[in-house]
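here is my input; please provide its structure:
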Amino acid sequence: MDRQQASIHTQQAINALRAGEAARARDLLGAVAKDPPPGEAPPWFLLAQACQMAADADGQGEALSRLLAEEPRHLGGLLLMAGFKAAQGDSRAASSFYTTALATANHAGPDQVPQTLVPLLQQGQRYLQQAQAGYAEFLTGQLAGKGIAQGAVSPRIDMALDLLLGRKQLYLQEPTSFYFPGLPQRQFYEAAEFEWAAAFEAQAGEMRAELEALLERSREFSPYVQTRPDRPAAANPLRDDPSWGAHYLWEDGAIVPDHAALAPVTMAALDTAPMPVIQARSPMALYSLLRPGTHIQPHNGMLNTRLICHLPLITNPDCAIRVGNETRSWQQGRLLIFDDSIEHEAWNRGQATRIILLFEIWRPEISADERTALTAVFEAITAYGGMPRDQG
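Model (predicted):
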């Protein structure tokens, strides 16, 4: 068939589709697809539409398969194939094609997606939500019959199922300055895992009394994130904002004498924690203040070689922190320990200021020899001037 004949057949088929003559359109397009002009692709997409209107499932499936074999990311073809598989009751295949179609549309951008396909994309989103719910119900029922329910085996099984079913998002360590390989991807650690923690928490009342005495003398805290004249300004909405404040006891590896003198119990307790000792960098310990209505936006810390410890001294029920896909509230006098190299954010939606004691410790999985080596690495980086300060 030459180009002129193919063009005539195709236009007649389009007119037939508009007139509701699906079978005739299918036959015309089938003839073009069987003998396309040299160098031109067969009209598989139009043929699939015609077969769909003519209730020719076999023809529709064949046309779509041929189209996607030649153009795997043909958006219209992916959407029609998804609907075709859904009509056949093949939910898993339909979900796969809809997922690929949505990803393709997202990659192309809204300006490149034909408006005629937007309703089909919206249909795909609804289908995926329903399919995911059905899959979750089926899987939950199957596992319940084997005695595997939420909380019945282990938190790791629960997390794996939550990720599988889309109930939670996967978050991994993404430190902004230094990554140490081979460490477990844990968001929170429990205080009971650390020998020093119970005795530390037992002194929370005395530590709070020291904080309250400080607040009676002065309520001025420096902004946690500050502009430095020798570096670009941090892209943090709370930069130079005292709503997120800091009052250091240890700063850049040195005791702040005037501050430490007012907190002897707190300083002694900090000595029992395995804080890194790195010249010009660690230990680091401070009172961290968060005023009502303040939201620390999602961000990642600099290193994955440490854990951040929070001991809440003044808090309220409307304060919380999200690390990865888990959110916890601060509990008065109870340590909260997490990996800040995983995306995290915090907020105070209450009416009172929240103040915690914040400090860092070595990750327990890092050996003594590795800590010595890492200390040397960090001191060398600092000596070169290449390791910035934490900017929240």
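
can you give me the strands in the stretch 151-300 of the chain?
Assignment of strands within the stretch 151-300 of the chain using DSSP state E, counting those that start in this stretch yields the ranges 188-189, 222-223, 244-251, 254-255, 285-290, 295-299.

strand partners (parallel or antiparallel) of the first one?
Looking at strand 188-189 with DSSP bridges, its paired strands and their directions are strand 336-338 (antiparallel).

quick one: mean pLDDT over the strand it pairs with.
Average pLDDT, strand 336-338: 98.

low-scoring stretches of the stretch 151-300 of the chain, by residue?
230 (pLDDT under 70).

switch the cut-off to 90
Applying pLDDT under 90 to the stretch 151-300 of the chain flags residues 151-169, 217-221, 223, 225-242.

so who does the residue positioned nearest the centre of the chain touch?
Centroid-nearest residue in the chain: Y171, 5.0 Å away (criterion: Cα atoms, centre = their mean). Each residue near Y171 by Cβ atoms under 8 Å, 6 or more residues apart in numbering is listed here: Q187, V323, G324, N325, I342, E343. Placement of C-beta: from N, CA and C, glycine included.

same thing but 6 Å
Y171 is in contact with G324, N325, I342, E343, counting by Cβ atoms under 6 Å, 6 or more residues apart in numbering.

ok, S222 next?
A246.

in a markdown table, list the contacts of Y171 along with neighbour count and pLDDT.
Shown next, in a markdown table, are the contacts of Y171 (neighbours: other Cβ atoms under 10 Å; pLDDT from 0 to 100):
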| residue | neighbour count | pLDDT |
| --- | --- | --- |
| G324 | 20 | 96 |
| N325 | 16 | 93 |
| I342 | 23 | 97 |
| E343 | 19 | 96 |
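
for the stretch 251-392 of the chain, which segments count as helices?
Using DSSP state H, counting those that start in this stretch, the helices of the stretch 251-392 of the chain run over 257-260, 264-270, 368-384.

most tightly packed of the strands of the stretch 151-300 of the chain?
strand 285-290 (a mean of 24; mean count of other Cβ atoms under 10 Å).

what angle do that strand and strand 295-299 make?
Per axes from the mean of the first three to the mean of the last three Cα atoms, to 10 degrees, the angle that strand 285-290 makes with strand 295-299 is 120 degrees.

which strands and helices sit next to strand 285-290?
strand 244-251, strand 354-362 (3 or more Cβ pairs under 6 Å, 6 or more residues apart in numbering; DSSP states H and E).

before we move on, the earlier item: let me have the strands of the stretch 151-300 of the chain in a markdown table, extended by distance to G182.
Shown next, in a markdown table, are the strands of the stretch 151-300 of the chain (distance: least, Cβ to Cβ, whole Å):
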| stretch | distance to G182 |
| --- | --- |
| strand 188-189 | 17 |
| strand 222-223 | 36 |
| strand 244-251 | 28 |
| strand 254-255 | 31 |
| strand 285-290 | 27 |
| strand 295-299 | 24 |
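
which one of these lies nearest to I337?
Among the strands of the stretch 151-300 of the chain, the nearest to I337 by Cβ to Cβ is strand 188-189 (4.3 Å).

what residues does that closest one touch?
Residues contacting strand 188-189 (Cβ under 6 Å, 6+ apart): I337, F338.

one step back: format the helices and strands packed on strand 285-290 as TSV; extra columns: distance to L47.
Shown next, in TSV, are the helices and strands packed on strand 285-290 (distance: least, Cβ to Cβ, whole Å):
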stretch	distance to L47
strand 244-251	61
strand 354-362	64
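
closest one to T116 among the ones you listed?
That would be strand 244-251 among the helices and strands packed on strand 285-290, by Cβ to Cβ, at 48.6 Å.

and the angle from the closest one to strand 285-290?
180 degrees.

run me through the strand neighbours of strand 244-251, direction for each.
Partners of strand 244-251 in its sheet, by DSSP bridges: strand 222-223 (antiparallel), strand 254-255 (antiparallel), strand 285-290 (antiparallel).

done for today, thanks.
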